[in-house]
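Engineer: sequence? don't have it. structure:
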């Protein structure tokens, strides 16, 4: 990281919400705010965490084969990277800069004012940042991240990062449980664009994060399925608790990063793996009713997907899928589709996602009845989640949903025949278009096992630096680390050409 990480919070855009006079009255310095109300920090931090995922999803989404490049031989389709480039480093930037000292300031101000709920939210946002950053990059900088007067920063192990997430969530839980002080839902809601100051939902979100933190350690002897299940049961209770980051789309800057207004994914094509997960290939010939809502057709009226690295010239022209927006080309003012539209929210966590985590944990524990129950709840919830993005005429009907879930190829009649493959593939579908980090965690935990992720195969040509190995991490952000912090990178092996293939601590026994 650069020597000076501190970033002043941009509050000009929010000032109008509270009135110019009130905003200006906090200053004796005419050139800038001396003290900012702690609730003003929230909106920027929340939105930038979501945007960080969306930016980097352009690369992770190819690793997990939600989509592939329209052009042939794309380096990300090859599970590679672009040297001397910041691609894949946006969440890194946002966690250390856009969150960074802003989170520290918000927490400290909130504690001094006894706004325990705001301070707790600050701890949860920090925990979410560390969890997702370490799941993407492995070793990261935590202990020295905000030490003043330093120009180089030592890395911490992923094991420490996981423990720090747990510590921060425990600290948040203590604050959320306090009944004294100046806790004011309306005050918090002015800045909280995700949960509108609802502390109960933040507690559920925190427990969902703890469930992921604990569940990612499924390969380790210390793994506790019971603990994972306990966390999930305290987490999101329905789709109404889903963590959604809203976008107004009044202008390009506040539109969904994936929407046509911002034109960031116009060269991305749905993958063959994604199509096969829903067209009957994986689930015994049963076509998923979600297929036409999540995916797009080609000129021949059928649903096709491309293999990674192949490019759209590898198939007949009438079999090239449309853009993820559902159209052949981008036109002015056009609408998008599903999560790829201008004014739709972007999920950070969903009820359905957590039910599949519970299902896998219960299966690991040997409680197949619990596993099947959570599995069914996950599928049902995702159907309802998908329908929210479509008008009545296009929604999946109650009968279609019931018929799908009554099919034994989807939901077995005997709980003892439920398989890990069924759970993981349904979870993959439920995270299509948004849950890229968790999808990648799943694939790496199971070492890209094609008997679990049916039909998933490594690209025919891997990136030369891989040495024949699959990708397990994104490299640290180039402009802050390889430019300013090279000695620290050497200590963790990040200067090696194949560093991105080095297994994560959480994927190992």
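Structural biologist: Now that the structure is in, tell me what you want to look at. Bear in mind that the values here come from a model prediction, so they are computed numbers and not experimental data.
Engineer: Roughly how far does residue 506 sit from residue 370?
Structural biologist: To residue 370, residue 506 is 24 Å away according to Cβ to Cβ, to the nearest Å. For every residue, glycine as well, the C-beta is placed using N, CA and C.
Engineer: Look at those two and report which has more neighbours.
Structural biologist: Comparing residue 506 with residue 370 by other Cβ atoms under 10 Å, the one with more neighbours is residue 506, at 22 against 18.
Engineer: wait, what's in contact with the residue nearest to that one when sequence neighbours are not counted?
Structural biologist: Excluding the flanking residues, the one nearest residue 506 by Cβ to Cβ, 6 or more residues apart in numbering is residue 216, at 4.8 Å. Residue 216 makes contact with 135, 162, 441, 445, 506 under the criterion Cβ atoms under 8 Å, 6 or more residues apart in numbering.
Engineer: Would you confirm that residue 204 contacts residue 235?
Structural biologist: Yes: the pair residue 204 / residue 235 is scored as a contact, 5.0 Å apart, by Cβ atoms under 8 Å.
Engineer: neighbour count winner among those two?
Structural biologist: The neighbour comparison of residue 204 against residue 235 (other Cβ under 10 Å) goes to residue 235, with 25 against 22.
Engineer: helix, strand or coil for the more buried one?
Structural biologist: coil (DSSP: H, G, I helix; E, B strand; the rest coil).
Engineer: residues in contact with it?
Structural biologist: Here residue 235 is in contact with 204-205, 207-208, 211, 241, 354 (Cβ under 8 Å, 6+ apart).
Engineer: Can you tell me which of the residues you listed is nearest residue 129?
Structural biologist: Using Cβ to Cβ, residue 205 is the member of the contacts of residue 235 that sits closest to residue 129, with 13.4 Å.
Engineer: Report pLDDT for the closest one.
Structural biologist: Note on residue 205: pLDDT of 99.
Engineer: just checking, it touches residue 351?
Structural biologist: No: in this structure, residue 205 is not within contact of residue 351 by Cβ under 8 Å, at 11.0 Å.
Engineer: can you tell me how far residue 269 sits from residue 307?
Structural biologist: Distance, residue 269 to residue 307, using Cβ to Cβ: 10 Å.
Engineer: any idea of the mean pLDDT in stretch 61-77?
Structural biologist: 99.
Engineer: for it, which positions count as buried?
Structural biologist: 61-70, 74-77 (16 or more other Cβ atoms under 10 Å).
Engineer: Present those residues as CSV; the columns should include secondary structure and distance to residue 264.
Structural biologist: Output for the buried residues of stretch 61-77, formatted as CSV (DSSP: H, G, I helix; E, B strand; the rest coil; distance: Cβ to Cβ, whole Å):
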residue, secondary structure, distance to residue 264
61, helix, 11
62, helix, 14
63, helix, 17
64, coil, 18
65, coil, 19
66, coil, 14
67, strand, 12
68, strand, 16
69, strand, 13
70, coil, 14
74, coil, 15
75, coil, 18
76, coil, 14
77, coil, 17
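Engineer: Now secondary structure and distance to residue 116 too, for the contacts of residue 235, in JSON lines please.
Structural biologist: Output for the contacts of residue 235, formatted as JSON lines (three-state DSSP; distance: Cβ to Cβ, whole Å):
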{"residue": "204", "secondary structure": "helix", "distance to residue 116": "17"}
{"residue": "205", "secondary structure": "helix", "distance to residue 116": "16"}
{"residue": "207", "secondary structure": "helix", "distance to residue 116": "18"}
{"residue": "208", "secondary structure": "helix", "distance to residue 116": "20"}
{"residue": "211", "secondary structure": "helix", "distance to residue 116": "23"}
{"residue": "241", "secondary structure": "helix", "distance to residue 116": "21"}
{"residue": "354", "secondary structure": "helix", "distance to residue 116": "25"}
